[in-house]
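Chemist: Got a sequence here, can you build the structure:
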Amino acid sequence: MKQTPELDMAQARMKPRVLSLPGHMGTDTRKLIDVLTDDAAEVQRLGMTHESIAARMKDLRDKGARGLGLPLETEEGLEVTVDSYRGRIPCPFKDRSCTKTNTTVRDVKTGETVTYTDAGIHMIEAHGFYEGRGSPYRLEPAVLVRLLRVRRTEEK
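Modeler: Numbers count the residues shown, from 1 in each chain. Reported below is the predicted structural model:
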C-alpha cells in the first residue's frame with residue numbers, strides 16, 4: 001500500500017510535542033502506512049482482530065474503574081488499576097478526542113504488566129495503530145493478546 005496525504009498529515013501530528021510530549025511514533029522511522037501494515041499482519045497472524053483486542057482492553061478498563069484508582073483482581077488472575085486525569089487528548093487521525101485514562105494490567109502470577117490509555121484503545125480499534133517502535137505507549141499486539149487473555153470471537 002501507498003501512504004496517502006491523510007496518513008502524511010496524521011504522521012506529522014504524531015511527532016513529539018505536537019499532540020503529546022513524547023509523540024506517537026517513538027524512534028520508528030517507517031512511514032505510518034508501514035507501521036499499520038506490519039501490525040495488521042501480526043494481528044492476523046495471531047488470529048485476532050483489532051476490534052477484539054480493543055474490546056478486551058475496554059472490558060478490563062471498565063472492570064478496573066470500579067476500584068476508583070485501587071487495584072482490583074479479576075477472575076482470570078489479572079490485577080487492574082485505572083487512573084483518570086483531567087482533560088482530553090486528540091487522536092492524531094483527527095476523528096475524536098479521548099479522556100486521559102491509564103489502565104494498568106498486571107498478571108498476578110508472573111508480575112508482567114502493560115499500561116494503556118483510552119487513546120490507545122481508540123487508535124487500535126478505529127485505526128489499527130499500536131504506536132511506533134520506541135514510543136513509551138507502544139503496545140505490542142502479541143503481548144496484549146497473551147497478557148490480557150484476548151480470546152477469538154468464537155471462543156467467548
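Chemist: How are the strands of this protein distributed by residue range?
Modeler: For the chain, applying DSSP state E gives strands covering 72-73, 78-90, 97-107, 113-117.
Chemist: Could you please name the strands the first one pairs with and the direction of each pair?
Modeler: Strand partners for strand 72-73, identified by DSSP bridges, are recorded as strand 78-90 (antiparallel).
Chemist: in the strand it pairs with, what's buried?
Modeler: Neighbour counts over strand 78-90 (16 or more other C-beta atoms under 10 Å) mark 78-82, 89 as buried. No exception for glycine: its C-beta is placed from N, CA and C like everyone else's.
Chemist: Mind listing the residues bridging to Thr113?
Modeler: According to DSSP bridges, beta-bridge pairing links Thr113 with Arg106.
Chemist: Could you double-check that it lies in contact with Thr81?
Modeler: No: with contact defined as C-beta atoms under 8 Å, Thr113 does not count as touching Thr81 (9.5 Å).
Chemist: which residues are in contact with both of the two?
Modeler: 104, 106 (C-beta atoms under 8 Å, 6 or more residues apart in numbering).
Chemist: quick one on the thing from earlier: could you dump the strands of the chain to a markdown table with distance to Leu144?
Modeler: As requested, the strands of the chain are exported to a markdown table (distance: least, C-beta to C-beta, whole Å):
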| stretch | distance to Leu144 |
| --- | --- |
| strand 72-73 | 19 |
| strand 78-90 | 12 |
| strand 97-107 | 9 |
| strand 113-117 | 7 |
